[in-house]
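Novice: A predicted structure for the sequence below; I have some questions about it.
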Amino acid sequence: MTVDGPAVLCERLTHIYRDDEGTEVTALDEVELRVRRGEAVALVGPSGAGKSTLLTLLAGLVRPTAGRIVVDGEDVVSLSERALLRMRARKLGMVLQTPGRNVLPYATARQNVAFAQRSGTLTRAERRAEAAELLESVGLDEHADRPARLLSGGQQQRLALAVALAGRPALLLADEPTSQLDRRTGDAVISLMLAAREQRGTALVVVTHDRHVSDALDTEYAIHDGRLEAGSWLRSASLGHHRPGLEGDRS
Ligand SMILES: Nc1ncnc2c1ncn2[C@@H]1O[C@H](COP(=O)(O)OP(=O)(O)OP(=O)(O)O)[C@@H](O)[C@H]1O
């Protein structure tokens with residue numbers, strides 16, 4: 001189903017972690033974010049700034065302390081656990097920071113991709129061809145029949161991206177997707193994400209410390225101490241890319 005409106009909308013999004021002693025850490029503080037369909041957003045900022053927290057909240061893996069999150073027309077905060085699972089399967093692709101968490105260890109690379117594919121209107125042969133193409137595009141065609149647990153960290157990271165894209169998500173969330181890759185392989189990963197955006201209008205939200213990655217995307221937001229910095233859109237505006245919605249952009 002195609003839904004009007006942005007791919008992501010966060011309003012006054014706040015998240016506070018509390019440890020066993022009751023000490024509070026405000027990881028996100030009234031974040032306002034709007035990501036258009038097909039927009040490629042980089043989230044940058046120092047360690048501990050709140051980037052991964054924002055991704056996990058967008059994915060509905062953690063419920064926020066306060067605020068609103070809408071992903072592809074679905075109000076993530078108010079969904080039941082069951083509806084959240086469905087939403088994730090239908091609309092989200094995720095590449096988490098720890099490669100092993102993204103894949104089924106005992107399934108082969110090919111099976112991992114096949115499990116994530118949507119049945120949709122494709123025939124079995126078409127699905128097989130699409131899976132092979134995805135594996136080739138992340139350089140894993142020669143490892144297609146190896147169990148994921150036997151792949152290296154960087155290979156698992158690439159497999160995670162193939163799996164994430166296999167579901168044709170409206171939104172791809174990626175946490176440091178190139179952190180274990182050399183420049184050439186990292187470039188291939190960036191190209192693949194941008195191709196999904198071009199071909200299917202997938203919106204991308206990518207946490208990265210890699211300037212090479214953020215430079216390739218449309219828009220950059222900086223997070224410091226849980227606050228999304230206004231003004232970080234200037235770079236994209238000056239390049240003629242989309243201007244993100246910190247300031248009431250409603251297109
Ligand atoms: N499960 C948790 N319990 C308590 N505090 C947490 C938890 N997860 C994160 N934090 C704290 O929340 C803040 C934001 O952490 P987060 O992991 O979102 O930062 P980050 O920008 O992704 O950092 P990095 O670049 O190092 O991955 C940090 O102060 C961190 O210590």
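Specialist: Perfect, I can see it now. Residues are numbered from 1 along each chain as shown.
Novice: Could you check how far Asp215 is from the ligand?
Specialist: Relative to the ligand, Asp215 is positioned 18 Å away (C-beta to the nearest ligand atom, to the nearest Å). In this view, the C-beta of every residue, glycine as well, is placed from N, C-alpha and C.
Novice: That residue: which element?
Specialist: Applying DSSP states H and E as the criterion places Asp215 in helix 211-216.
Novice: Can you give me the buried ones in that helix?
Specialist: Under the neighbour-count criterion of 16 or more other C-beta atoms under 10 Å, helix 211-216 has 213-214, 216 buried.
Novice: Thought Leu181 was touching Ile157, still the case?
Specialist: I think there's a mix-up here, since residue 157 is Gln and not Ile. Yes - taking C-beta atoms under 8 Å as the contact criterion, Gln157 and Leu181 are neighbours in contact, 6.7 Å apart.
Novice: got the contact list for the most centrally placed residue in the chain?
Specialist: The structure's the chain has its C-alpha centroid closest to Leu173; by C-alpha atoms, centre = their mean the separation is 0.6 Å. For Leu173, the set of contacting residues under the criterion of C-beta atoms under 8 Å, 6 or more residues apart in numbering consists of 55, 58-59, 92-95, 205.
Novice: and the residues you listed, which two are the farthest apart?
Specialist: Looking at the contacts of Leu173 by C-beta to C-beta, the two members farthest from one another are Leu58 and Val95, with 12.9 Å of separation.
Novice: Tell me which of the two has more neighbours.
Specialist: Comparing Leu58 with Val95 by neighbour count (other C-beta atoms under 10 Å), the higher total belongs to Val95, at 27 against 24.
Novice: quick one: Thr26 and Gly226 touch, right?
Specialist: Yes - in this structure, Thr26 is within contact of Gly226 by C-beta under 8 Å, at 5.3 Å.
Novice: List the residues that are in contact with both of the two.
Specialist: Between them, Thr26 and Gly226 have His15 as joint contacts when contacts are counted by C-beta under 8 Å, 6+ apart.
Novice: Those two: which is more packed in?
Specialist: Remark: of Thr26 and Gly226, Gly226 carries more neighbours, 23 against 15, as counted by other C-beta under 10 Å.
Novice: What pLDDT is listed against the more buried one?
Specialist: With respect to pLDDT, Gly226 scores 94.
Novice: Can you name the residues that contact it?
Specialist: 15, 26-29, 31, 49-50, 53.
Novice: at 6 Å instead, please
Specialist: Under the criterion of C-beta atoms under 6 Å, 6 or more residues apart in numbering, the neighbours of Gly226 are 26-29, 50.
Novice: Leu13 belongs to a strand?
Specialist: Yes - the assignment for Leu13 (DSSP: H, G, I helix; E, B strand; the rest coil) places it in a strand.
Novice: count of neighbours near it?
Specialist: Around Leu13 sit 26 other residues, with neighbours defined as other C-beta under 10 Å.
Novice: would you list every one of the strands in the stretch 151-251 of the chain?
Specialist: Assigned strands in the stretch 151-251 of the chain, in chain order: 171-175, 203-207, 219-224, 227-228 (criterion: DSSP state E, counting those that start in this stretch).
Novice: okay if I get those as TSV plus distance to Gly45?
Specialist: Converted to TSV, the strands of the stretch 151-251 of the chain look like this (distance: least, C-beta to C-beta, whole Å):
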stretch	distance to Gly45
strand 171-175	13
strand 203-207	9
strand 219-224	4
strand 227-228	9
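Novice: Would you mind finding the most buried of those?
Specialist: Among these, strand 203-207 has the highest mean neighbour count (mean count of other C-beta atoms under 10 Å), at a mean of 26.
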